[in-house]
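S.K.: quick one, structure for this:
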Amino acid sequence: MATPTIIGIADGSGSGKTTLANALVHRCNGCALFISHDRYYRYMPCGNYDLPEALDTGLMIDHLKRLRSGHSAELPVYDMISNSRKEETELVHAHPIMIVEGIFVLTLPEILEFLDFKVYIKTPDDLRMNRRITRDGKEKLRSESSVIQEWQANVMPTHKELVAPGAVVAGLEVLDKGASGSLLGE
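M.R.: Model prediction:
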């Protein structure tokens, strides 16, 4: 197998990264593998998961190296409700296309060096926050007020300082206004 092409997709929480990545994987008819940086979260006693140190990026890099060289990898499975990794892993195999998404994918140099193509999704902050409220209410069983508090205290400051600068390295910037019929739809 030829060396896989690795596509990186980034923007802040609730921007539609996972939606776009899943749509691309679907369109590739079995030729693409989706790897979310979210799989690599560590337990953070401080509760701030919107920092690069909250992620085991070194392990992700090890997995990208293995997959790029044609080997399989045991990816972690993260439980968003307990905020911890499960004991089980998911065995994945190399694919011709690998799609890597996460908020820091375009700003961490150790990930950037693996990316052949970079996509930044530009989504209005209010739309991202509303998506986060909906998602965290369903997937993490969180209250709206706790999501808004975290958004203001952690998500937005990190976005401005450490996520949004990734737009400058992107080869493609996708604008998502959330309108029906848009790239990501609603």
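
S.K.: show me which strand runs longest in the chain.
M.R.: strand 84-92 (DSSP state E).

S.K.: pLDDT below threshold where in the protein?
M.R.: 45-46, 179-186 (pLDDT under 70).

S.K.: returning to that earlier point: so what does the longest strand of the chain touch, helix or strand wise?
M.R.: Here strand 84-92 touches strand 73-79, going by 3 or more Cβ pairs under 8 Å, 6 or more residues apart in numbering; DSSP states H and E. Placement of C-beta: from N, CA and C, glycine included.

S.K.: just to revisit the earlier point, need the CA coordinates for the longest strand of the chain. CSV is fine.
M.R.: Extracted as CSV, the C-alpha positions of strand 84-92 are listed here (Å, rounded to 0.1, in the frame of the first residue of the first chain):
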residue,chain,number,x,y,z
SER,A,84,-11.7,8.6,31.4
ARG,A,85,-10.4,6.0,28.9
LYS,A,86,-12.0,2.6,28.9
GLU,A,87,-9.8,-0.5,29.2
GLU,A,88,-10.9,-1.7,25.8
THR,A,89,-9.2,-0.4,22.6
GLU,A,90,-10.2,-0.3,19.0
LEU,A,91,-8.0,-2.1,16.5
VAL,A,92,-7.7,-0.2,13.3
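
S.K.: buried sites along it?
M.R.: 85, 92 (16 or more other Cβ atoms under 10 Å).

S.K.: what do you get for stretch 113-129?
M.R.: Those buried within stretch 113-129 under the rule 16+ other Cβ under 10 Å are 114, 115, 118, 119, 120, 121, 123, 127, 128, 129.

S.K.: is it true that the last one lies in a helix?
M.R.: The reference is to residue 129. Yes: if the criterion is DSSP: H, G, I helix; E, B strand; the rest coil, then residue 129 is within a helix.

S.K.: which residues touch it?
M.R.: Neighbouring residues of residue 129 by Cβ atoms under 8 Å, 6 or more residues apart in numbering: 14, 147, 148, 151, 155.

S.K.: repeat that for 7 Å
M.R.: Residue 129 makes contacts with 14, 151, as judged by Cβ atoms under 7 Å, 6 or more residues apart in numbering.

S.K.: now the one 4 residues further on
M.R.: Under the criterion of Cβ under 7 Å, 6+ apart, the neighbours of residue 133 are 144, 147.

S.K.: ignoring the adjacent residues along the chain, who's closest to the most far-flung residue of the chain relative to its centre?
M.R.: Using Cα atoms, centre = their mean, the residue of the chain lying farthest from its centre is residue 1. It sits 26.0 Å away. Nearest residue to residue 1, sequence neighbours excluded (Cβ to Cβ, 6 or more residues apart in numbering): residue 70, at 5.6 Å.
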